[in-house]
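# Can you look at this prediction? I've put the sequence above it.
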Amino acid sequence: MQHALQPDRAKRTLKPTPSITPYTPPHHRHTSSLGDSNLHVPPRREDPRRKSELVLAVSPPSSPSPITPKRPSRARAASTPPRTPASPSNSAVVQCSGVTKAGNRCKKQVKVGEVSLDDDQKHFCHQHAKEVLSPTGTFTRKTGEWIKFADWIPNYLHEDTQIALREEMDKARSSSDRPGYIYTYEIRDPDNPGTVKLKVGRAVNLIKRIDEWGKQCGSKEQVLRGFYPGVVEDGLDGDDAGGTFSLMKGRVRPGEKTSCCHRLERLIHLELNDLVTREVHLQPGWPSPPAADGAKSPKKAAKKDKCADCGQTHKEIFEFTRFAGGRYKNKEFDSIVRPVIEKWGGFVEACV
């Protein structure tokens, strides 16, 4: 975001790096990427020879009910606000996703933890969790280069989150995943000064997305804090000449998109959900706190409230407890969210 905010920078294009650089905590580096279907159903034809049998067997209704065809399901487009399934309750129990040595699904039941983001997240018993976490790295799908999980996944994250991140890192690129942007809004709520709500989502058309969110859920002011990649088009007319950058609504001119924005959003959400649930950022030594016990219970419930405007539960909204003081006070976006977005943006560009 910082380089995108400087008026004297020329157009920058994010390209995959030839080699993979391990993630460095934000206090050791200079961040520069992020700116703040009706179907026709023919009538059913009855066999005339069975008509009398049907009449005797089933009494017909007083008036026939029309057949309502179902629309074919399709994936949510980036311009459509998400319909998020409710997160599993911490009392829910599911079957382990591991596979036994005999090649069968593990029959052990596992309690769903508070750090579970949604129903898509896999859960493992203690034995299979240990097996999944045993490899130190993986070969990238893009270049075949070996990368270490420890260079990308902080050891203070809950083991369920670490497993979910490893799974996403090891997946092949999806042909349906489209280039796009990752944006961050701050939802202004003066009545709750002790917390900050940051909405982190994806968009194929960033300008359209900005307009949609303001109309759909506009009871509270939403301020754009940044988007990834934070590059702009060069050679524009007027005040935008030279590649200057603005986050003001009606003035945003996003540049080149990043690849696989759906995968990128998933990686970001998994880590942010862990951070906001377990409040690791409030531990001494942030952003490099000591490794936390993987089985440690969350400090607060991960339940997300329904939106007062649309009635949905937005999994892309993360409510952080604010820093009480110190160098990171009022910098929850800069010190927590932006580094996570930049890190996983670099991973997707270089490895997926």
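Done, it's in.
# I'd like to know how many residues surround the closest residue to R105 other than its chain neighbours.
Leaving aside its chain neighbours, R105 sits nearest to V99 (6.4 Å; criterion: CB to CB, 6 or more residues apart in numbering). From N, CA and C alone the C-beta is placed, and that goes for glycine too. If you count neighbours by other CB atoms under 10 Å, V99 ends up with 12.
# Run through the residues that contact V99.
105-106, 128 (CB atoms under 8 Å, 6 or more residues apart in numbering).
# Now list the buried members of these.
106, 128 (16 or more other CB atoms under 10 Å).
# Filter the contacts of V99 down to the ones in strands?
Using DSSP state E, the subset of the contacts of V99 located in strands is empty.
# Can you check the pLDDT for C310?
If you check C310, the pLDDT there is 70.
# pretty sure it contacts E212?
No - counting by CB atoms under 8 Å, E212 is not a contact partner of C310; they are 11.2 Å apart.
# Now, the contacts of V99 that are in helices?
When the contacts of V99 are checked against helices (DSSP state H), the matches are H128.
# Tabulate the contacts of V99 (JSON lines), appending pLDDT and distance to E221.
Below are the contacts of V99 laid out as JSON lines (pLDDT from 0 to 100; distance: CB to CB, whole Å):
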{"residue": "R105", "pLDDT": "95", "distance to E221": "48"}
{"residue": "C106", "pLDDT": "96", "distance to E221": "48"}
{"residue": "H128", "pLDDT": "94", "distance to E221": "46"}
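# Show me which of the contacts of V99 is closest to T138.
H128 (17.5 Å; CB to CB).
# Pretty sure that closest one sits against G98.
Yes - the pair H128 / G98 is scored as a contact, 2.9 Å apart, by CB under 8 Å.
# List of residues touching the lengthiest strand in the chain?
Ranked by residue count under DSSP E, the longest strand found in the chain is strand 195-203. Contact with strand 195-203 is made by 78-79, 82, 180-187, 189, 209-210, 213, 222, 225, 261-262, 264-265, 268-269, 272, 314, 316-322, 332-333, 337, 341, as judged by CB under 8 Å, 6+ apart.
# Ok, stretch 122-137 next?
Stretch 122-137 is contacted by residues 94, 96-99, 106, 108, 110, 112-113, 116, 146-150, 159-160, 162-164, 166-167 when judged by CB under 8 Å, 6+ apart.
# Among those residues, which lie within helices?
Going by DSSP H, the helices hold 159-160, 162-164, 166-167 from the contacts of stretch 122-137.
# Filter those residues down to just the buried residues.
Looks like the ones in helices among the contacts of stretch 122-137 have 159-160, 162-164, 166 buried, using 16+ other CB under 10 Å.
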